[in-house]
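Enquirer: My questions are about this predicted structure, shown below with the sequence.
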Amino acid sequence: MKLFKSITLVSSAMAMFFSAANAAVPAEEAAKLGGELTPFGAIQAGNADGSIPAWQGGITAPPSGLGYEGDGDHHPDPFAEDEVLFKIDATNAAEHADKLSDGVKAMLEQYNDTFYLNVYQSRRTHAMPEWVYDNTKKNAVNAELVEGGNGVVGAYGGVPFPMPATGQEVIWNHLMRYTGAYRS
């Protein structure tokens, strides 16, 4: 009987822990979306040195004069004329080490004669329809993982977890992202 009570107590505690881990974010956190955070949860402000600009809504219409041919054609590069600001290779990687991932550092070391990174002006062009932003904000307080992370409830028409707290939420964001009206 003591074993049964212990198992029941541990199971109940685990159920409470996992249901709390699957809860949506508080309303005061979600209120940051579209304010200090972008509608998808990124920091809206640029960084202090200006190398990352503030997000100002992204590209919401095709830039004129790019020759976009329509359905089935590749999207033209709106920044094709951008110049390389600098190049990171094995000879100067140490100067930029604080901005490089371990994987990139390993590539620079392993392929020191051929691997390099061209660095361009940073831009924040991400944009979605307004209804996707609205739904994403609603999802922040309503979406929850179910069945140990094997599903999502309370989410519709946007990113389910704009402020992800777990790896499972990040995976579901990828799987359930808005990909355009042609695919919805």
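Expert: Happy to help now that I have it.
Enquirer: going forward, measure contacts and count neighbours with C-alpha atoms only.
Expert: Fine.
Enquirer: Any idea how far the helix or strand containing residue 106 is from the middle of the chain?
Expert: Assigning secondary structure by DSSP states H and E places residue 106 in helix 102-110. Chain-centre distance of helix 102-110: 24 Å, with Cα atoms, centre = their mean, to the nearest Å.
Enquirer: Please apply the same query to stretch 107-116.
Expert: Distance, centroid of stretch 107-116 to centroid of chain: 28 Å (Cα atoms, centre = their mean).
Enquirer: low-confidence ranges in the protein?
Expert: Applying pLDDT under 70 to the chain flags residues 1-23, 182-184.
Enquirer: For it, which segments count as strands?
Expert: Listed in chain order, the strands of the chain (DSSP state E) span 86-88, 117-119, 144-146, 151-153.
Enquirer: got CSV for those strands, with distance to residue 58 and mean neighbour count too?
Expert: Shown next, in CSV, are the strands of the chain (distance: least, Cα to Cα, whole Å; neighbours: other Cα atoms under 10 Å):
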stretch, distance to residue 58, mean neighbour count
strand 86-88, 25, 14
strand 117-119, 20, 12
strand 144-146, 28, 20
strand 151-153, 28, 14
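Enquirer: To residue 28, which of the ones you listed lies closest?
Expert: Of all the strands of the chain, it is strand 144-146 that lies closest to residue 28, at 17.1 Å by Cα to Cα.
Enquirer: Within the sheet, what are the partner strands of that closest one, with directions?
Expert: The pairing partners recorded for strand 144-146 under DSSP bridges are strand 151-153 (antiparallel).
Enquirer: just how off-centre is the strand it pairs with within its chain?
Expert: For strand 151-153, the distance to the chain centre is 19 Å (Cα atoms, centre = their mean).
Enquirer: How about stretch 115-126?
Expert: Here stretch 115-126 is found 17 Å from its chain centre; the criterion is Cα atoms, centre = their mean.
Enquirer: Between the two ends of that stretch, how far is it?
Expert: 28 Å (Cα to Cα, to the nearest Å).
Enquirer: Now for the residue nearest to residue 118 when sequence neighbours are not counted: which residues touch it?
Expert: Using Cα to Cα, 6 or more residues apart in numbering and skipping the chain neighbours, the partner closest in space to residue 118 is residue 87 (4.6 Å). Under the criterion of Cα atoms under 8 Å, 6 or more residues apart in numbering, the neighbours of residue 87 are 116-119.
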